[in-house]
Structure formats: structure tokens, C-alpha cells
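[1] Just the structure for this:
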Amino acid sequence: MVLPVSSGLQLKDQFVNLLWEICLESRKTKWKISKSSSHHAEEETACKASVAELFQEIKRLRAENQKFAESQQQLLENQQRLMHKQVELVEIEQRLQSRQDINGRLLCTVYDRQRFPGEHALFNQQTEGTSC
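    Just a heads-up that it's a prediction; the model follows:
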């Protein structure tokens, strides 16, 4: 199943926010470790390092998400501009087609008059006195 990009982005944001909350909670929580045990001190140091790494990863993911969202917005705006241009081009094409049709009819009329000049003279005599 393929999720839309926006759904995937929302899931990624939710994951980042969950990581952020876990990191905040881990910073608030003080580990109850006896001072005499170096093993526990090493674990605490490792946990703090992991939390720091997670914070950095969260910052990176948020920045990446922001860039992605901006990129998506820009793509959407570009797509809308292209659609506007497409509509304009269709209108121009229709006007050109209409002009081409008119020019074609005029050309046929001129051709017919050159080919059959007598018929047009007869037509002109029959229609004298009438206006178009």
C-alpha cells in the first residue's frame, strides 16, 4: 500500500515528535545510579550521548521536513502556473484555428472567383440592389 506524500510526511512528523518527547523525558529523568558503580556511570554517559544524538537527528529531520514541505509548495505553485499557461495556450490555439478557418474560406472564395469569373458576374447581376 502506497501512502500519499502528505500522509508519509505526517507519519514522519509524528515519529519525530515522539522522539522529541522521549528525549525530553529522558533529560528530565535522573537515573538512580550509585556513585560507586562505574558500570552504571558508563551506562548513564552512554544514555546521555544517545539522547544528544537523538536531539541532533530530530533537528536534522525537522529541517529536512521543512525543506521538503517548501519544495512541495514550490512544486504546487509551479504546477498551477503551468496549468494557467496551458489554458492560455489552448485559448491561443482556438483563436489561431478560427483565423485559419476564416483564411481558408476566404482563400476558397478568391480561388472560386478566379476559376469561375462568369458565375460571379452573373451572381453580382442577380443581387444588384440588395445589400449584405
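[2] Tell me how far the residue most central in space within the chain lies from residue 90.
    Closest to where the C-alpha atoms of the chain average out (C-alpha atoms, centre = their mean) is residue 76, at 2.6 Å. Distance from residue 76 to residue 90, counting by C-beta to C-beta, to the nearest Å: 21 Å. C-betas here are computed from N, CA, C, even on glycine.
[3] do the same with residue 83
    In terms of C-beta to C-beta, residue 83 sits 11 Å off from residue 90.
[4] Where does the prediction get shaky in the chain?
    1-9, 29-37, 117-132 (pLDDT under 70).
[5] quick one, longest helix in it?
    Once the chain is assigned using DSSP state H, the helix that runs over the most residues is helix 38-115.
[6] Could you measure from the residue nearest to the centre of the chain over to residue 70?
    In this view, residue 76 and residue 70 are 11 Å apart by C-beta to C-beta.
[7] ok, now residue 40?
    45 Å.
[8] Look at these two and report which has more neighbours.
    residue 40 (14 against 10; other C-beta atoms under 10 Å).
[9] these two touch, right, residue 20 and residue 58?
    Yes - contact criterion C-beta atoms under 8 Å: residue 20 and residue 58 qualify, at 5.2 Å.
[10] which residues do these two both contact?
    Contact criterion C-beta atoms under 8 Å, 6 or more residues apart in numbering; residues shared by residue 20 and residue 58: none found.
[11] list the contacts for residue 51?
    Contacts of residue 51 were listed using C-beta under 8 Å, 6+ apart, and they are 23, 26-27.
[12] Just the buried residues out of those residues, in ChimeraX syntax.
    In ChimeraX syntax, the buried subset of these is picked out as below (16 or more other C-beta atoms under 10 Å):
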select :23
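[13] All good on my end, thank you.
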